[in-house]
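*Asks:* next come a sequence and a model predicted from it.
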Amino acid sequence: MRCAARGLQRQARFAVLAQNCLEYFEAVGAAERAGFIAVTLNWRLSPQELGQILDDCTPTVLIFEAQFTAQVESLRRQGSSIERFIIIGPATDWAESYEDTLAAAPDAAPALRPQPDDGVYLIYTSGTTGKPKGVLLSHRAILSAAIGISWEQGVRPSDRMLIVMPLFHIGAKINQLANMVLGTTIILHRAFDPAAVLRCIEEEHITCAHLAPIMVRGLLDDPGLGRWRKDSLRSIQYASAPMSVALLQEAMAAFGPIFTQVYGMTECVVGTILHAHEHRPDGDAAQARRLASAGQPFFDHAIRVVRPDGSDCAPDEIGDILIRGPSLMTGYWNNSAATVEALRDGWMHTGDVGFFDSEAFLFIVDRKKDMIVSGGENIYSREVEEALLTHPAVLQAAVIGVPDRRWGESVKACIVLRPACAAGEDELIQHCRKLIASYKKPRSIDFLDALPRLFNGKVDKKQLRARYWRDQGRQVS
């Protein structure tokens, strides 16, 4: 390992700034094999944001793709802890060539070896509710999650896994490892392109894929959906953001009953799973209702839903979601206060709220900070979004709380309509009133061309809320 030859010590940090590529696997593999910590950088961030992350975790090596040279030049001007720059592409007068660096490495395997509790990845959160925090994940946590996904989803050595999510995201990385532990074939796409994915499924005989719900929507909307064969697929895992029941039913009609949901987050890689055989739209009332659930606790993990006093909620009672298990993070880098707040008595406080049904299927109703309090009533945005998405003209919906002099907050829906479809504000509000309690219905609707999204496909509600709260003297979170 060239990093070891260059003097990096055990648990030293190096950063990677690249889109999906084979070199990404190789670079991060140095951390997996030799006991370093890989800092996987979101390439969509500005140089200023990247600089804040580098200042926080102080890596000494940066491996980057040539297309990001301008951003890295800006980082150099800002000044940072980086001592060596390694470029995936031709060398420059200040950056070594990645291939030349590999070629100069000694043939002997590195003497360094990681311990189970050593850190292996440092992944910075998307910052939906504030400044990004560095999540440190250990070898023990990652291996546990990878084996758990492999076992729960029935991964086979003959599988051909398509990965299109960015490798700086835990979802893509853990699915890569879940397949590598059984030696499957992995087909890596640089970025998501619906037409390319559909063509790849037929030509590469893809059996498994990991997609965010917005990607599933993209496949369904692609004009080539019916042209390419999809019968090789036996499993599509959806994760990273909630999937509406309306979208899930449409996807199952197009691809078959092959969908599996995994609920987790960077801080706790896996939490629950809703297996393909548990997706029963034509089952009894309880089974049909579970299409909206996140499933049951993952292998070797435990879930609690608790009241503010820490006691367990009864079935169907909404409370805070806690997770305990071997895939939990070690903690937040350089942020002991946030670590103590999140990890209490061995339980990860997820920041999500939800409930169990009578058979321990978990339903996630909202992020706690996305919950709307209107006139003293708690309103959960996902319930309103689900109602809106049953309208035939609605393609996408995001619900937020906005200032209201009388009620404190009121419900606003931000809507993207389907192409060539029309619907007015009053029509959609009345549609919701038929499906949910009147006090939960939107009081106003904005029609947008697109919803702002984070790299993982989640709607950026922080950005949506900003325009309404900016003049109210309230910090948007």
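*Replies:* Nice, thanks for sending it over. Quick caveat: nothing in here was measured; it's all calculated off a predicted structure.

*Asks:* quick check: next helix or strand after the helix or strand of the chain with the lowest mean pLDDT?
*Replies:* Taking all helices and strands of the chain together, the one with the lowest average confidence (mean pLDDT, DSSP states H and E) is helix 2-5, at a mean of 48. Remark: after helix 2-5, the chain's next helix or strand is strand 13-17, criterion DSSP states H and E.

*Asks:* and that next one, what does it pack onto?
*Replies:* In terms of contacts (3 or more Cβ pairs under 8 Å, 6 or more residues apart in numbering; DSSP states H and E), strand 13-17 is packed against helix 22-34, strand 37-40, helix 47-57, strand 61-65. For every residue, glycine as well, the C-beta is placed using N, CA and C.

*Asks:* which other residues reach the first one?
*Replies:* The set of residues external to helix 22-34 that reach it, using Cβ atoms under 8 Å, 6 or more residues apart in numbering, is 1-4, 14, 16, 18, 36-38, 40, 63, 65, 88, 98, 102, 110, 112-114, 120-121, 139, 167, 173, 176, 188.

*Asks:* the same query, at a cut-off of 7 Å, please.
*Replies:* Contacts of helix 22-34 from elsewhere in the structure, counted by Cβ atoms under 7 Å, 6 or more residues apart in numbering, are 1, 3-4, 16, 18, 36-38, 63, 88, 98, 110, 112, 120, 167.

*Asks:* buried set for that helix?
*Replies:* For helix 22-34, burial by neighbour count (16 or more other Cβ atoms under 10 Å) applies to 23-25, 27-28, 30-34.

*Asks:* of the helices and strands packed on strand 13-17, which is nearest residue 269?
*Replies:* Distance to residue 269, taken as Cβ to Cβ, is lowest for strand 37-40 among the helices and strands packed on strand 13-17, at 13.8 Å.

*Asks:* I'd like the average pLDDT over the closest one.
*Replies:* Model confidence over strand 37-40, given as mean pLDDT, is 97.

*Asks:* mind listing what it pairs with, with the direction of each?
*Replies:* Strand partners for strand 37-40, identified by DSSP bridges, are recorded as strand 13-17 (parallel), strand 119-124 (parallel).

*Asks:* rewinding a little: make a ChimeraX selection of the buried ones in the contacts of helix 22-34.
*Replies:* Written as a ChimeraX command, the selection of buried residues from the contacts of helix 22-34, which uses 16+ other Cβ under 10 Å, is:
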select :1,3,4,16,18,36,37,38,63,88,98,110,112,120,167
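
*Asks:* which one of the contacts of helix 22-34 sits closest to residue 270?
*Replies:* When those are ranked by distance to residue 270 (Cβ to Cβ), residue 120 comes first, at 16.1 Å.

*Asks:* one step back: nearest to residue 252, out of the contacts of helix 22-34: which one, please.
*Replies:* Nearest to residue 252 out of these is residue 167 (Cβ to Cβ; 28.1 Å).

*Asks:* for residue 330, see how far away the closest one is.
*Replies:* Distance, residue 167 to residue 330, by Cβ to Cβ, to the nearest Å: 21 Å.

*Asks:* hmm, back to that, residue 214 is nearest to which of the helices and strands packed on strand 13-17?
*Replies:* Across these (criterion: Cβ to Cβ), the nearest stretch is strand 37-40, sitting at 20.9 Å.

*Asks:* which residues sit against the closest one?
*Replies:* Contacts to strand 37-40, defined as Cβ under 7 Å, 6+ apart, come from residues 11, 13-16, 28, 31, 57, 59, 119-123, 167-168.
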